[in-house]
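S.K.: here's a sequence, model it:
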Amino acid sequence: MISALELCHIVESGFLPAKCKCTIDANDQMMIQIFDRGRGHADLLASGIPTSTLGSSRAIAMLIASLKDDLRLRPAGRSGVIQKQA
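M.R.: Residues are numbered from 1 along each chain as shown. Now for the predicted structure:
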């Protein structure tokens with residue numbers, strides 16, 4: 001299994017040049033915040049992502065792609081909170 005630090009780094013790198021903050025709690029649940037560069041507040045907050053489902057590069061890539069789709073499809077100027085199951 002990939003370490004929490006490395007997993008967060010991979011996820012955060014997947015959203016560059018946007019600012020992304022990834023945290024993993026004591027229950028191995030991931031929370032991802034993606035920030036608007038202009039306004040500085042979170043455009044998207046995805047929480048409740050079990051890290052146990054992110055054991056392969058394919059699973060990580062699918063999560064990143066899904067969150068990018070969520071960002072792209074949300075109404076302009078609206079932030080959103082998502083409960084995501086990877």
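
S.K.: which helices and strands does the helix or strand hosting residue 70 pack with?
M.R.: Per DSSP states H and E, residue 70 falls inside helix 57-73. Secondary structure elements in contact with helix 57-73, counted by 3 or more CB pairs under 8 Å, 6 or more residues apart in numbering; DSSP states H and E, are helix 4-13, strand 29-35, strand 42-50, strand 80-83. In this view, the C-beta of every residue, glycine as well, is placed from N, C-alpha and C.

S.K.: distance to residue 63 and mean pLDDT added to these, as CSV?
M.R.: Supplementary listing: those in CSV, determined by distance: least, CB to CB, whole Å; pLDDT from 0 to 100:
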stretch, distance to residue 63, mean pLDDT
helix 4-13, 7, 96
strand 29-35, 8, 94
strand 42-50, 7, 90
strand 80-83, 11, 58
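
S.K.: residues making contact with stretch 21-38?
M.R.: Stretch 21-38 has contacts (CB atoms under 8 Å, 6 or more residues apart in numbering) with 4, 7-8, 11-12, 15, 17-20, 41-52, 54, 67, 71, 79, 86.

S.K.: repeat for stretch 50-60
M.R.: So stretch 50-60 is in contact with 1-2, 4, 7, 10-11, 14, 24, 28-30, 63, 85-86, going by CB under 8 Å, 6+ apart.

S.K.: can we see that at 6 Å?
M.R.: 10, 24, 28, 30, 86 (CB atoms under 6 Å, 6 or more residues apart in numbering).

S.K.: next one: the fourth one from residue 24, what distance?
M.R.: In this case it means residue 30. 5 Å (CB to CB, to the nearest Å).

S.K.: more neighbours: the two, which one.
M.R.: Neighbours were counted for residue 30 and for residue 24 using other CB atoms under 10 Å; residue 30 has more, 23 against 18.

S.K.: now the more buried one, nearest residue through space, not along the chain?
M.R.: Leaving aside its sequence neighbours, residue 30 sits nearest to residue 49 (CB to CB, 6 or more residues apart in numbering; 4.0 Å).

S.K.: perfect, I'm done here.
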